[in-house]
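>>> please work out how this folds:
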Amino acid sequence: MLGHSHAVSGALVFAAAGPTVPQHLWHNHLSPAEIVIGTFLTAGAALLPDLDHANGTIANFFGPVSRFVCKAVAKASGGHRHATHSIAFVILAGLLTFVGVEFLGRPFTLSVVFLLLALALRALHICPPGKGLASWITIVALAGAGTAVVNHWMPAAPDWLPLVVILGCIAHLLGDFLTKQGVPLLWPIGARFQVAVVSRTGNRMETLVLVPAMMLGTIGLLWFTTFA
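Below is the predicted model of the structure:
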């Protein structure tokens, strides 16, 4: 699926789960501001499994730096749609985020916020198109400004930030599960799982049906659970 589609799916998943999951699992009722912040951050987190994609959306959000990181991850993980598209990666990403929030404090938390905001901005095309300097500068400036705003509204140690990362990764895997290539959910076992609803990346089913439906669902959920 396209990076934009993954981002919208991540937003939808948190808009649905954010108001209820933290409250039921560890008795934390998120404020409306936290739900809105979490929704946008999860849009960025939904790009994280594509760290193994040297030509994808995530590879171009910080220019040569992000491309180098993605090439390194792709080489270490076995290529695109291998280790980072598995349940093991979801667990690892969530665990590392939890440890960072708990033991590394505010600098780690704000770094993750900046990263996820930057990914969301790129995936949702809230920046100049292309891979040039104008795009990088815009992403850095907007993500920096967004991080400053989030710093004002977010608690010192947001216990829901690992949930953002986990839900974003799960949304990504579910999206790729709907394609013909499928995902190796049980990596390192090589079996792939798929239900080929999207026959080709960027086809009409994805761009004209799934993405608009997910956008409307996100807006509707935020309205009824937060803004209303």
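>>> longest helix anywhere in this protein?
Among the segments of the chain that qualify as a helix by DSSP state H, the longest is helix 133-153.
>>> check which helices and strands it is in contact with.
Using 3 or more CB pairs under 8 Å, 6 or more residues apart in numbering; DSSP states H and E as the contact criterion, the secondary-structure elements in contact with helix 133-153 are helix 32-45, helix 105-123. (Glycine included, C-beta is placed from N, CA and C.)
>>> that helix: how far from the chain's middle?
The gap between the average C-alpha position of helix 133-153 and the chain average comes to 16 Å, counting by CA atoms, centre = their mean, to the nearest Å.
>>> CA atoms only for it, dumped as PDB, please.
What follows is the C-alpha trace of helix 133-153 in PDB, where atoms were taken according to Å, rounded to 0.1, in the frame of the first residue of the first chain:
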ATOM      1  CA  LEU A 133      16.000  20.400   0.300                       C
ATOM      2  CA  ALA A 134      12.700  22.300   0.400                       C
ATOM      3  CA  SER A 135      10.800  19.200   1.400                       C
ATOM      4  CA  TRP A 136      13.300  18.300   4.200                       C
ATOM      5  CA  ILE A 137      13.400  21.800   5.600                       C
ATOM      6  CA  THR A 138       9.600  22.000   5.700                       C
ATOM      7  CA  ILE A 139       9.300  18.700   7.400                       C
ATOM      8  CA  VAL A 140      11.900  19.600  10.000                       C
ATOM      9  CA  ALA A 141      10.400  23.000  10.700                       C
ATOM     10  CA  LEU A 142       6.800  21.700  10.900                       C
ATOM     11  CA  ALA A 143       7.800  18.600  13.000                       C
ATOM     12  CA  GLY A 144       9.800  20.800  15.300                       C
ATOM     13  CA  ALA A 145       6.900  23.200  15.800                       C
ATOM     14  CA  GLY A 146       4.500  20.300  16.300                       C
ATOM     15  CA  THR A 147       6.800  18.800  18.900                       C
ATOM     16  CA  ALA A 148       6.900  22.100  20.800                       C
ATOM     17  CA  VAL A 149       3.100  22.200  20.800                       C
ATOM     18  CA  VAL A 150       2.800  18.500  21.900                       C
ATOM     19  CA  ASN A 151       5.300  19.100  24.600                       C
ATOM     20  CA  HIS A 152       2.900  21.600  26.200                       C
ATOM     21  CA  TRP A 153      -0.100  19.200  26.000                       C
END
